[in-house]
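1. Here is the input, now give the coordinates:
(chains A, B, C and D)
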There are 2 protein chains.
Amino acid sequence: MPEDRAPTRIQKKNRAAILEAALNVFSADGFRGATVDQIAVAAGLSKPNLLYYYRSKDAIYAALLERLLDTWLDPLRAIDPDGDPLHELLGYIRRKLEMSRDYPRESRLFANEIIRGAPHIHAVLSTDLKSLVDETAALIRHWAAAGRIAEVNPYHLIFSIWSLTQHYADFDVQIRAVLADGEPDPYPEAARYLDQVFTRLLTPGR
Amino acid sequence: MPEDRAPTRIQKKNRAAILEAALNVFSADGFRGATVDQIAVAAGLSKPNLLYYYRSKDAIYAALLERLLDTWLDPLRAIDPDGDPLHELLGYIRRKLEMSRDYPRESRLFANEIIRGAPHIHAVLSTDLKSLVDETAALIRHWAAAGRIAEVNPYHLIFSIWSLTQHYADFDVQIRAVLADGEPDPYPEAARYLDQVFTRLLTPGR
DNA sequence: TCTTGATTTGACCATCTGGTCAAACTCACG
DNA sequence: CGTGAGTTTGACCAGATGGTCAAATCAAGA
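-> Residues are numbered from 1 along each chain as shown, chains lettered A, B, ... in the order given. Next comes the predicted model:
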């Protein structure tokens, strides 16, 4: 599988199928819990065939993480420094919550990686992620200094947004077990609740 | 290993050592990632010796989860229905955050179990946990109806408390990677931030 | 001290798992 | 159609892993 040449039609198709299958398997069973055979079957390939496209289990996992990291941070990058602060932040929260709803596998994949100590992406966290968060924190601080939102610790604000939104994907079973009686879909109410929380937190003036 | 007779001194000592070692290993590597040998070594026993005390890897894991579940829910049970609502809820939040700080292994163990779909404790979630949450939700609703705290969805309030506090244990590496510059211990600031969030959310009267 | 049940262990096993390899097959293009 | 690169596979391997077992060792009460 020459990596310098342009990928053939079959390469594109199979690589895509492998990553899709790997996302299913890794997010459900974790890195150690997943087996190459499982991924191969899910991708509709034999094990040696899969290893023809990715050298190793590690390589699949690494490719998957890399491809997803950008998508995952896009909502944060989409905050407009020139927009209305409260509107921008509530919009970010809404987008993150929608990502939990629409991409729970991705959320669980990252959660698992971080819980394990981020062995594969620690470098990215303390460089790319850190700078992105530093920038956003500066922006939030600037907004607060101008009196346009309340004074809050910008880093912990960001952590709390990540935590609250991703919780609905990562702890889905627990949430559904507790809410078993009523509405089966927790997301509409979650959206209302988070809006309430952050509106009350961020609205300036006592 | 007679299970009906009273445990001997050696049984007590070794079972405790095994559970302590298993907590380390399972919380760091997950169920599939952990090996019986690893746990045995960490407990200072040979593998067959360990399997003399617990029939299987599954049995160790089950015993560990069972022993921890109660401890984990104690702070919720400690809420006093006759106390001051805001004080009780902020106290619960503080206790949960302290548990994240002092028992991160337990937090990660549960997080891992839930993310995997709670295969071992799903029954407990939809019975014991659910009733405990239902009770607390009723209490919160009652407080809100009496105008003593703001009107909030009590279930999502509880979810948000779990989410925000456990985040500091489960996503520790990420938090420290992002905060790398300043104070190495995020907990004091986290406590202040969470206090601010929930005080603003719950204080009644717009 | 003797005896009996509790404890410990070395050797072993079946299965699973990540990965290899040579050979076979397929596809696109001249 | 012929050909060479790209693709697929059955057979295989070494190491890891959960678990077993008979035999050896130890602890404590009679």
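2. Every contact and neighbour count from this point should use C-alpha atoms.
-> Fine.
3. Identify each buried residue in the longest helix seen in chain A, please.
-> Using DSSP state H, we find that the single longest helix of chain A is helix A:9-33. By 16 or more other CA atoms under 10 Å in any protein chain shown, the buried positions in helix A:9-33 come out as A:14-15, A:17-19, A:21-31.
4. just stretch A:64-77 next, same as before
-> Neighbour counts over stretch A:64-77 (16+ other CA under 10 Å) mark A:L64, A:L65, A:L68, A:W72, A:P75, A:L76 as buried.
5. gap between that stretch and the chain center?
-> From the chain centre to the centre of stretch A:64-77 is a distance of 7 Å (CA atoms, centre = their mean, to the nearest Å).
6. In chain A, where is pLDDT below threshold?
-> Within chain A, the set of residues satisfying pLDDT under 70 comprises A:1-5, A:206.
7. quick one on the thing from earlier: now check whatever helix or strand comes next after the longest helix of chain A, is it near DNA strand D?
-> Per DSSP states H and E, helix A:9-33 leads on to helix A:36-43 as the next helix or strand towards the C-terminus. No. Using CA under 7 Å from any atom of the strand, we find that helix A:36-43 stays clear of DNA strand D, coming within 9.2 Å at best.
8. what comes into contact with the helix or strand that helix A:36-43 is followed by?
-> Downstream of helix A:36-43, the first helix or strand assigned by DSSP H and E is helix A:47-53. Helix A:47-53 is touched from outside by A:M1, A:Q11, A:N14, A:R15, A:I18, A:V36, A:D37, A:A40, A:V41, with contacts defined as CA atoms under 8 Å, 6 or more residues apart in numbering or on different chains.
9. how much space between the last one and B:Y103?
-> Using CA to CA, to the nearest Å, one obtains 39 Å as the distance from A:V41 to B:Y103.
10. Next: A:S163.
-> For A:S163, the distance to B:Y103 equals 18 Å [CA to CA].
11. can you check A:I114 too?
-> With distances taken as CA to CA, A:I114 is found 17 Å from B:Y103.
12. Of the two, give the one with the bigger neighbour count.
-> Between A:I114 and B:Y103, A:I114 has the larger neighbour count (other CA atoms under 10 Å in any protein chain shown), namely 21 against 13.
13. Next, the angle helix A:9-33 makes with the one helix or strand that one maps to.
-> Secondary structure from DSSP H and E places A:I114 in helix A:104-115. Orientation check (axes from the mean of the first three to the mean of the last three CA atoms, to 10 degrees): helix A:104-115 against helix A:9-33 gives 50 degrees.
14. what sits up against the helix or strand that comes right after helix A:104-115?
-> Sequence-wise, the next helix or strand downstream of helix A:104-115 (DSSP H and E) is helix A:122-124. Outside helix A:122-124, the residues that touch it by CA under 8 Å, 6+ apart are B:Q174, B:A177.
15. same thing with stretch A:126-140?
-> The contact list for stretch A:126-140 (CA under 8 Å, 6+ apart) reads A:R77, A:P81, A:P154, A:Y155, A:I158, B:A177, B:V178, B:L179, B:A180.
16. quick one: A:Y155 from A:L89, how far?
-> For A:Y155, the distance to A:L89 equals 13 Å [CA to CA].
17. Next, the nearest residue to A:W162 once chain neighbours are set aside: phi, psi?
-> Excluding its sequence neighbours, the residue lying closest to A:W162 (CA to CA, 6 or more residues apart in numbering or on different chains) is A:K96, at 7.6 Å. Note on A:K96: its backbone torsions stand at phi -60, psi -40 [degrees, to the nearest 10].
18. which residues does A:K96 contact?
-> Taking CA under 8 Å, 6+ apart, we find A:K96 in contact with A:P75, A:W162, A:T165, A:Q166.
19. Next: A:E88.
-> Neighbouring residues of A:E88 by CA under 8 Å, 6+ apart: A:I79, A:D80.
20. for it, helix, strand, or coil?
-> helix (DSSP: H, G, I helix; E, B strand; the rest coil).
21. Any residue of the longest helix of chain A touching DNA strand D?
-> Yes. Residues of helix A:9-33 contacting DNA strand D under CA under 7 Å from any atom of the strand: A:R9, A:I10, A:Q11, A:N14.
22. And those, which two are furthest apart?
-> Taking CA to CA as the measure, those span a maximum distance of 8.7 Å, between A:R9 and A:N14.
23. re earlier: DNA strand D next: which of the contacts of A:K96 are close?
-> Near DNA strand D, by the rule CA under 7 Å from any atom of the strand, you find none of the contacts of A:K96.
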